[in-house]
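**Q** Let's see this in three dimensions:
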Amino acid sequence: MKKIILLAMLTVLGVTTSNAQETTKKIKAKATTKVNAAKVNGAGMVFVTETIDYGTIPYNSDGKREFVFTNNGNKPLIITNAQGSCGCTVPTYPKEPIAPGAKGVIGVKYDTTRGGQAFTKTVTLTTNAAVPNKTLTIKGNVLAADAPKS
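**A** Below is the predicted model:
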């Protein structure tokens, strides 16, 4: 009887360890996904995505999202300004230079207290990159304040 219990415990432990290793491998694979972009002379920026779709979100929910980019140039990238298309879209950006090959993040916060409507807004970046102005887009739909949450 003791042998059967011991064998069952070892089997469960082996399956758990195996699943944990597979999950770790999947997480590492996602983390190491690289953006393939041609190198540019000077500063450059290439985004993982230039549009973020919020989907349909509840009224007064978390409106923060992030655009991730890489400097694909051979000189430091300097972002001098980030401007939302209206007061409901507030961007944040790194103030320090982004080294060649380094990643950076442009944060954006949409005011989700403007419920009951679809939205499409932009963030315009001013940089020292080969293409100095870059426009990013957010879109989605905020449910009305009295809409039932699912």
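**Q** CA atoms of the helix or strand Gly55 falls within as PDB?
**A** Assessed by DSSP states H and E, Gly55 sits inside strand 51-57. Taking Å, rounded to 0.1, in the frame of the first residue of the first chain, the C-alpha atoms of strand 51-57 are listed here in PDB:
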ATOM      1  CA  THR A  51      -2.300  50.900 -32.500                       C
ATOM      2  CA  ILE A  52      -3.700  49.700 -29.200                       C
ATOM      3  CA  ASP A  53      -7.300  48.500 -29.300                       C
ATOM      4  CA  TYR A  54      -8.800  48.700 -25.800                       C
ATOM      5  CA  GLY A  55     -11.800  46.700 -27.000                       C
ATOM      6  CA  THR A  56     -15.000  47.300 -25.000                       C
ATOM      7  CA  ILE A  57     -14.100  48.400 -21.500                       C
END
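**Q** Poorly predicted segments of the protein, please.
**A** 1-37, 147-150 (pLDDT under 70).
**Q** Centroid-nearest residue for it?
**A** Most central in the chain under Cα atoms, centre = their mean is Glu66, positioned 4.1 Å from the mean C-alpha point.
**Q** and it, what element?
**A** Counting by DSSP H and E, Glu66 is part of strand 64-70.
**Q** Compute the inter-axis angle for that strand and strand 51-57.
**A** Angle of strand 64-70 versus strand 51-57, following axes from the mean of the first three to the mean of the last three Cα atoms, to 10 degrees, is 160 degrees.
**Q** Can you point out the buried residues in strand 64-70?
**A** For strand 64-70, burial by neighbour count (16 or more other Cβ atoms under 10 Å) applies to 67, 69-70. Glycine gets a C-beta too; all of them are placed from N, C-alpha and C.
**Q** Go through the residues you listed and say which is closest to Lys95.
**A** Phe69 (15.1 Å; Cβ to Cβ).
**Q** do you know how far that closest one is from Val40?
**A** 13 Å (Cβ to Cβ, to the nearest Å).
**Q** how does this protein divide into domains?
**A** Listed domain ranges for the chain are 1-33, 46-142 (source: automatic domain parsing).
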